[in-house]
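Trainee: what would the 3D arrangement of this be:
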Amino acid sequence: MNPGIVESLARASTLQLGGKSGDALAELCRARETDDPSPKLYYAIGHLQFELEQYEAAAGTYQELLGLDSEASAAQYNLAVCLERLGEWERAAEAFQRAIEMDPRRTGAYLGRGISLLHVQQPEAALGAFEICLERQPFREAALRGKAVSLQLLHRGPEATELYRKLLGRDPQSEELLANAMALAIAQGDYQLVNQCAQSLLEIQPGSRVALDCLALAAFTIRDYEAAVQFSQTLVEGHPDHFAGWFNLGVAQQRLGRYREASEAHARAVLLDPESAEAHFHLGMALQECEQWEPARKAYEDTLKLEPIMKPALWNLALLLERGREFREAEKLYSRLLGQHPESHEAWFRLGYVRLQLGDFSSSVQAFEQCLALDKNRAEVLLNIGIAYWKAGNAEPARETLRRLLECDPRSGEALRCLAAIALEDRDFEQALKLHSRLLEVDGPTAELLYNKALLLQKLGRAPDAAECYRQALNKRPDFPEALLNLGHTLMILGEQGEAYRCWQTALQVRPELAESFLI
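Mentor: Numbering: from 1, shown residues only. Take a look at the predicted model:
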């Protein structure tokens, strides 16, 4: 070795021992500028750079050394460690693999490769590396922890849990172990283990965010929403800027039907993370339950600015607009939703309904037909198709559709009412009477149905039957003025003038404005 380099190494050692590592490094870097640098000099420079946390510079030094000596296994290993410290996990994994190939006896290289592979989401390969490390050093803590995480990521829950239990037995106050064990326990539904680990973590770190988060999540898992509220409330009291705490508190309150409290929690979550579409959406749901329609609408609109095709937000906002009779805007949203989810028969139904309200009967029928194609036996769809045809003035397809409905559901009162209305429009009083008779069987003898049947009997000239039906209606509702009035007319036809006058007098007492019908 060059004598000058030997002297530089000696001076650098003295400086380092005196706590002047920076000066020592400067001394060695000057020596490296000689014509005959030694590998030992590079090792010394790399060591000092690493000690001073100059990992990028150290990695460069070891790479230079490998350029001088491609078989320098220690330099290869040190390069891998530097890359690990820099968080360059993919390069680190490759560098550790090269170190293993150069010297398979270097156990630490297997550990470093395993840790690096975990960071690049390769748990199976990582597990293999940890297993080799543990064959040689069965109690190496970092390898045991890495193996536990690998097993957890590979969904080998029981093995991972057992290993975490052993590790916690050796280091019961490890926050990292407790947090990992809690995450695994939540995934497995082991609420007892979650509680045990969380309580341990809270003893070490009172008010621990991780512990309270996990307790809240575990409570959600077993649907103990009161407990979830309690843990989330404690969490946000200690960590008021914790978005997940407020969000979970809001969801738990929603599940308990406490929508005002839920809306307040979600409003805080939105303030903390205005880019969270989920927070805006849940705020909208809570506000909607509180019947705060306009704020709910804004929350849904904010949701859709962030996630324009979020199905639940499109659906809820459309329903909200429909409720406010903003049918044109609701139609746009249902159409937008169906552009992403054409299989949604519910959306086709709502689209048909709003078009029906808008008077766009032809398009309404088309939407209902699409719904029917996805849900063939749906009585409500057939009913609305029938109504749409009827409103459009297409009586025959309306009748055909409503008859199809009656084949599926012979006791559909709505179908019978629509068919009766169509028959009345056609002045087919006999058919209308038959349909009202069926309605009486389905809905029972209500005053209104008996009155309508009486009117039909009266139109058909069956005065005695009409009078009987009017009397039955009045038995159900004695102060039914229209029934009293028409019973009087029927009795006059039957020659019962005295009783007819009494009926009219009673009708006028109940509703004086009916006098106009006698004076005109």
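
Trainee: Trp315 against Leu338, yeah?
Mentor: No. Trp315 lies out of contact with Leu338 (C-beta atoms under 8 Å); the separation is 10.9 Å. To be clear about C-beta, it is placed using only N, CA and C from the backbone, and glycine gets the same treatment.

Trainee: need the per-residue pLDDT for the residue positioned nearest the centre of the chain.
Mentor: Centroid check for the chain by C-alpha atoms, centre = their mean gives Glu278 as the closest residue, at 7.0 Å. Listed pLDDT for Glu278 reads 96.

Trainee: that one: what secondary structure?
Mentor: Here Glu278 takes the helix state, with states given by DSSP: H, G, I helix; E, B strand; the rest coil.

Trainee: distance of it relative to Gly250?
Mentor: 10 Å (C-beta to C-beta, to the nearest Å).

Trainee: what about Gly169, how many residues nearby?
Mentor: 8 (other C-beta atoms under 10 Å).

Trainee: and it, helix, strand or coil?
Mentor: Applying three-state DSSP: Gly169 is helix.

Trainee: got it, and Asp23?
Mentor: Relying on three-state DSSP, one would call Asp23 helix.

Trainee: what's the burial count for it?
Mentor: Neighbours around Asp23, by other C-beta under 10 Å: 15.

Trainee: relative to Tyr43, how far out is the residue nearest to it when sequence neighbours are not counted?
Mentor: Computed as C-beta to C-beta, 6 or more residues apart in numbering, the closest residue to Asp23 that is not its neighbour in sequence is Leu15, at 4.7 Å. According to C-beta to C-beta, Leu15 and Tyr43 sit 17 Å apart.

Trainee: any common contacting residues for Trp315 and Leu338?
Mentor: Common contacts of Trp315 and Leu338 (C-beta atoms under 8 Å, 6 or more residues apart in numbering): Ala347.

Trainee: what segments of the stretch 1-150 of the chain are helices?
Mentor: 3-17, 21-31, 39-51, 55-68, 73-85, 89-102, 107-119, 123-136, 141-153 (DSSP state H, counting those that start in this stretch).

Trainee: state the mean pLDDT of the second one.
Mentor: For helix 21-31, the mean per-residue pLDDT is 79.

Trainee: and the last one, by the same measure?
Mentor: Here helix 141-153 scores 88 as its mean pLDDT.

Trainee: likewise for the fifth one?
Mentor: Model confidence over helix 73-85 averages 93 on the pLDDT scale.

Trainee: and it with helix 55-68, angle?
Mentor: Angle between the axes of helix 73-85 and helix 55-68 is 150 degrees (criterion: axes from the mean of the first three to the mean of the last three C-alpha atoms, to 10 degrees).

Trainee: same deal with the second one?
Mentor: Regarding helix 21-31 and helix 55-68, their directions subtend 30 degrees when assessed with the same axes, to 10 degrees.

Trainee: from the contact counts, what lies against helix 21-31?
Mentor: Here helix 21-31 touches helix 3-17, helix 39-51, going by 3 or more C-beta pairs under 8 Å, 6 or more residues apart in numbering; DSSP states H and E.

Trainee: lowest mean pLDDT across these, which one is that?
Mentor: Across the helices and strands packed on helix 21-31, helix 3-17 gives the lowest mean pLDDT, at a mean of 71.

Trainee: and the nearest residue to Leu25 once chain neighbours are set aside, how many neighbours?
Mentor: In this structure, Leu25 finds its nearest non-sequential neighbour in Leu48, 4.3 Å apart by C-beta to C-beta, 6+ apart. By other C-beta under 10 Å, the residues close to Leu48 number 24.

Trainee: Leu48 contacts Ser21, correct?
Mentor: Yes. At 5.7 Å, Leu48 and Ser21 qualify as touching, with contact defined as C-beta under 8 Å.
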